[in-house]
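Asks: heads up, no residue letters with this:
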Ligand SMILES: Nc1ncnc2c1ncn2[C@@H]1O[C@H](COP(=O)(O)OP(=O)(O)O)[C@@H](O)[C@H]1O
Ligand SMILES: O=P(O)(O)OC[C@H](O)CO
């Protein structure tokens, strides 16, 4: 039996999944990652914890399926999160600054005030928002002496999580793939190379950045998993991997992944799309030196709102009870929940926004609040799909995946609010399947991604069952709540 091992390092957990070439899961192990919130709007991870837990998860799976069966490894990861390490020792120099972290907001605001956003968007496909890595890197160089000193001494290595894991797995290979590099605000989108002008704008030393490589091929090899040399032959950021794992291989195909955040990606073909509606233009994958592109809408808070209801507020004991609670009431009882914990992402791009739960009355129950929280996922997605439609992408089918889509109620609500068929795959770990497909292609098990798509299998379709008027009322109420959030912004 042959397996491809996917390493999927997400925001809240790191997982290893062994897939057969038919897409069946042979073994899986996952470990929670501790979230650190040192200040409002800041989110950090410990890079050493990420490495140790990833290695442990991978080795557990290899013990289950047998080291000899692992043909190749694919890596996928939470994107934008940035790690700083010493290239002499391989030790981290500081905490990882996580994609949700807003500490680069003032740096971005300053560049915006200087009228630079259009130029930056033209070069990178992204906007001047602290979500992306560049302002996080500049903040670290300005505020963490260990990072600054290492840069001066040419000892500094910077990389997204893929880069960090590949360095550790291979014992010092400093690479990143084009999809991850595309999220830094430092890569030119057309050529997929570091842009010296942008590096200068953010004061990032180019010599600290990794080499940008394809998403499939002989990226490196490791002897730390299963104790024999195994090739690392696939790598992509988790949302791009999910788009591949959902077989969004043709222009116009769209997927949405509901993990910690939620990310809608539409395949856009061989040239970077241009959005007039504040969506992102990004690399879908790069194979054989040629990039394919995607249009993306990014929602910063999805499953993390459910986690918040459970861990911070305590009104649910488990994420899985939300479906039943939502179904126990006919509607949200007038409650609107805008979970802008770390600002609002696309299409608003408002880093200072903070969340609200509006419309509470004496009759409001926890079921109403839970329902409003789930409804927020559909309504945030509707904002993005409407922006995509205005940009010329009008899908009749949306493929969904990620931890949250185990929730049938949510899948039906998505179909209702979006007015499109929602399709769920058998394995909702499509991020991991996408990394496995890339690794299988890079290793030579499949000739191309189309052939590797035999790893994907449909499970269930949800058809829209809400009339146009009811849909419009819900969208209008949501727009009112978002306006309330915007009205609450500091001057
Ligand atoms: N049945 C469910 N209903 C709603 N949310 C759920 C359900 N099961 C899991 N979740 C949420 O999904 C998220 C986990 O999804 P996952 O794809 O593993 O996230 P990530 O890759 O970002 O770490 C958690 O935030 C959890 O609260
Ligand atoms: O942790 P996830 O799966 O929500 O993904 C995080 C994204 O990659 C952030 O851009």
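Replies: Here it is on my side, so go on. On a predicted model such as this, the values are computed, not experimentally measured, just so you know. Ligands and ions are numbered 1, 2, ... in the order given.
Asks: how about the strands in the stretch 251-400 of the chain?
Replies: Listed in chain order, the strands of the stretch 251-400 of the chain (DSSP state E, counting those that start in this stretch) span 254-258, 262-269, 280-287, 290-299, 336-338, 356-358, 397-401.
Asks: looking at those, which is buried most?
Replies: strand 254-258 (a mean of 28; mean count of other Cβ atoms under 10 Å). Where C-beta positions appear, they are placed from N, C-alpha and C, glycine not excepted.
Asks: who in this structure is up against ligand 2?
Replies: Proximity of the chain to ligand 2 (Cβ under 6 Å from any ligand atom) is limited to residues 10, 11, 78, 79, 80, 99, 237, 238, 239, 259, 260, 261.
Asks: find me the pLDDT at the closest residue to the fourth one other than its chain neighbours, would you?
Replies: It stands for residue 79. The shortest distance from residue 79 to any non-neighbouring residue, by Cβ to Cβ, 6 or more residues apart in numbering, is to residue 237 (3.9 Å). On pLDDT, residue 237 comes in at 98.
Asks: then residue 491?
Replies: Taking residue 491 on its own, its pLDDT is 67.
Asks: same check, this time on residue 350
Replies: pLDDT for residue 350: 87.
Asks: roughly how far apart are it and residue 129?
Replies: Residue 350 sits 9 Å away from residue 129, going by Cβ to Cβ, to the nearest Å.
Asks: my read: residue 328 touches residue 366, true?
Replies: No: Residue 328 is beyond contact range of residue 366, at 9.9 Å (criterion: Cβ atoms under 8 Å).
Asks: nearest residue to residue 133 in space, please, no chain neighbours.
Replies: Closest to residue 133 by Cβ to Cβ, 6+ apart is residue 184, at 4.1 Å.
Asks: so residue 395 sits right up against residue 256, yeah?
Replies: No: under the criterion of Cβ under 8 Å, residue 395 lies out of contact with residue 256, with a separation of 10.3 Å.
Asks: what about the residue of the stretch 51-200 of the chain found nearest ligand 2, distance to residue 282?
Replies: Nearest residue of the stretch 51-200 of the chain to ligand 2, counting by Cβ to the nearest ligand atom: residue 79, 3.8 Å away. Distance from residue 79 to residue 282, counting by Cβ to Cβ: 9 Å.
Asks: between these two, which contacts overlap?
Replies: Counting by Cβ atoms under 8 Å, 6 or more residues apart in numbering, the contacts common to residue 79 and residue 282 are 179, 183.
Asks: quick check: next helix or strand after the helix or strand harbouring residue 141?
Replies: Remark: residue 141 resides in helix 133-143, with elements defined by DSSP states H and E. As assigned by DSSP H and E, the chain's next helix or strand after helix 133-143 is helix 145-152.
Asks: show me what that next one is packed up against.
Replies: Under the contact criterion of 3 or more Cβ pairs under 8 Å, 6 or more residues apart in numbering; DSSP states H and E, helix 145-152 touches strand 82-86, helix 133-143.
Asks: quick one, which of those is packed in tightest?
Replies: Ranked by mean neighbour count, the helices and strands packed on helix 145-152 are led by strand 82-86 with a mean of 24 (mean count of other Cβ under 10 Å).
Asks: and that strand, what's its mean pLDDT?
Replies: If you average the pLDDT over strand 82-86, you get 98.
Asks: the helix or strand just after that strand packs against which elements?
Replies: Proceeding N to C from strand 82-86, the next assigned helix or strand is strand 96-97, under DSSP H and E. The elements that strand 96-97 packs onto, with contact taken as 3+ Cβ pairs under 8 Å, 6+ apart, are strand 44-45, strand 82-86, helix 133-143.
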